[in-house]
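Asker: Pasted the sequence and its predicted model underneath.
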Amino acid sequence: MRLTLAGRQSLTKLFPLTETNVRFAPEIVNVKDWLGGKKTNRSLKLHADDDQRLSCSYTVTVNNSGNYEILDQEGQALLGLPIIFGGEQDSVEAIVGILNHISRFKFVENIENRIADASFKQRFTIHMEGPHGHIQEGVGVFNVNNSERVKVVVHNHGSNVLYAYVYNLSSSWGVMNVFGGANHWSIPPKNDMKKHTGREVGEFEMFVPNHFKERNYLRCRDIFKIFLTSRPIPFTSLQMAALCGPDSKRTDTVRGSHPDVINLLLGIEPSSRGSGTKALIEEWTSHNFVVHTVYDKESS
């Protein structure tokens, strides 16, 4: 998809159009020879270690075991990635594939609607409740222990049905609808005669995955991303299989592209071209709740 200037201006209202810059450490031999021609998505830019002035989100390096690692800006190795053995013939393709995946994951994480209609936002409240009654409204960060539960609570205060799509952006870099496929909550307004409470609650048990514990990773980070919309929207193109663990083998994910998601959020898919576009753009919001889970060997 080629974006017009107007299209790009609309996009900046949905999410920042930032690039994911990745540096390859000098110990990676002949990196310039294989950086050229590698297929990457538009937001991922790969760089050899020849410009220290460039601010990079990640650095690819080699650890003491001779395997490749991806470090964040604080120099910490990213967790939840498969082991990429140094010196193997397909290592380069594997690294670039992982970087593409991470770039897309961050794209989904950062989606937000900066021009959501104020009257639409007044139609609902959303919060997450931690295991000890702690509540964060709209967005928030929670620290929990293994096997503790968190709740997502949505109230519909309006007069029309509200639609909620709940996604888990997992510690293994997967994006999954917690209800499966395109399923969602349809939340009608409160109506005592019809026994509609105008409220939906989802309760989720948090745990450190077994494949983390097997590598002595005793903490993990999950994001619950909730989209609230004024009408049903097929968000399935956001879904991604995890990079490792059981969910890496899932076959029910729908691989979309950045243009697929952009079209979706701008409201320009074929079924809604024309006068309804503005309303769709303004009548959805997204909310990120981050959950850090810790596994305590002694208490388990």
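Answerer: That came through fine. Residues are numbered from 1 along each chain as shown.
Asker: so where do the helices sit in this protein?
Answerer: The residue ranges that make up the helices of the chain, judged by DSSP state H, are 5-12, 31-35, 91-109, 118-121, 210-213, 258-266, 277-282.
Asker: what about the spatially most central residue of the chain, distance to Ser286?
Answerer: Relative to the mean C-alpha position of the chain, the nearest C-alpha, by Cα atoms, centre = their mean, is the one of Glu109, at 3.5 Å. Using Cβ to Cβ, to the nearest Å, Glu109 is found at 10 Å from Ser286. Bear in mind the C-beta positions are built from the backbone N, C-alpha and C, glycine included.
Asker: Excluding chain neighbours, what is closest to Lys121?
Answerer: The spatially closest residue to Lys121, leaving aside those adjacent along the chain, is Thr285, at 6.3 Å (Cβ to Cβ, 6 or more residues apart in numbering).
Asker: Pairing partners for the one you found in the sheet, please.
Answerer: Listed beta-bridge partners, Thr285: Leu228 (assigned using DSSP bridges).
Asker: Pull the contacting residues for Glu19.
Answerer: Taking Cβ atoms under 8 Å, 6 or more residues apart in numbering as the definition of contact, the neighbours of Glu19 are 43-45.
Asker: Repeat that for Gly75.
Answerer: When contacts are counted by Cβ under 8 Å, 6+ apart, Gly75 is found next to Thr59.
Asker: Please report how far it lies from Ser171.
Answerer: Taking Cβ to Cβ as the measure, Gly75 and Ser171 are separated by 19 Å.
Asker: before we move on, the earlier item: got the confidence number for the residue nearest to Lys121?
Answerer: Listed pLDDT for Thr285 reads 91.
Asker: hmm, back to that, now distance to Ile95 too, for the contacts of Glu19, in a markdown table please.
Answerer: As requested, the contacts of Glu19 are exported to a markdown table (distance: Cβ to Cβ, whole Å):
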| residue | distance to Ile95 |
| --- | --- |
| Ser43 | 17 |
| Leu44 | 12 |
| Lys45 | 14 |
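Asker: which of these has the most neighbours?
Answerer: When neighbours are taken as other Cβ atoms under 10 Å, the top entry among the contacts of Glu19 is Leu44 (23 neighbours).
Asker: how close does the closest residue in space to it that isn't next to it in sequence sit to Val154?
Answerer: Leaving aside its sequence neighbours, Leu44 sits nearest to Ser103 (Cβ to Cβ, 6+ apart; 4.2 Å). Ser103 is 30 Å from Val154, where distance means Cβ to Cβ.
Asker: Ser91 too?
Answerer: Computed as Cβ to Cβ, the Ser91 to Val154 distance reads 44 Å.
Asker: what do you get for Glu137?
Answerer: From Glu137 over to Val154 (counting by Cβ to Cβ), the distance is 11 Å.
Asker: which of these two has more neighbours?
Answerer: Between Glu137 and Val154, counted using other Cβ under 10 Å, the more crowded position is Val154 (21 against 11).
Asker: Now do the same contact list for the more buried one.
Answerer: Neighbours of Val154 in contact, by Cβ under 8 Å, 6+ apart: 124-126, 162, 164, 185, 187, 199-200, 226, 228.
Asker: Please apply the same query to Val161.
Answerer: 186-189.
Asker: Serialize the residues you listed to CSV and add fields for pLDDT and distance to Gly80.
Answerer: Converted to CSV, the contacts of Val161 look like this (pLDDT from 0 to 100; distance: Cβ to Cβ, whole Å):
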residue, pLDDT, distance to Gly80
Ser186, 94, 33
Ile187, 95, 32
Pro188, 94, 38
Pro189, 93, 40
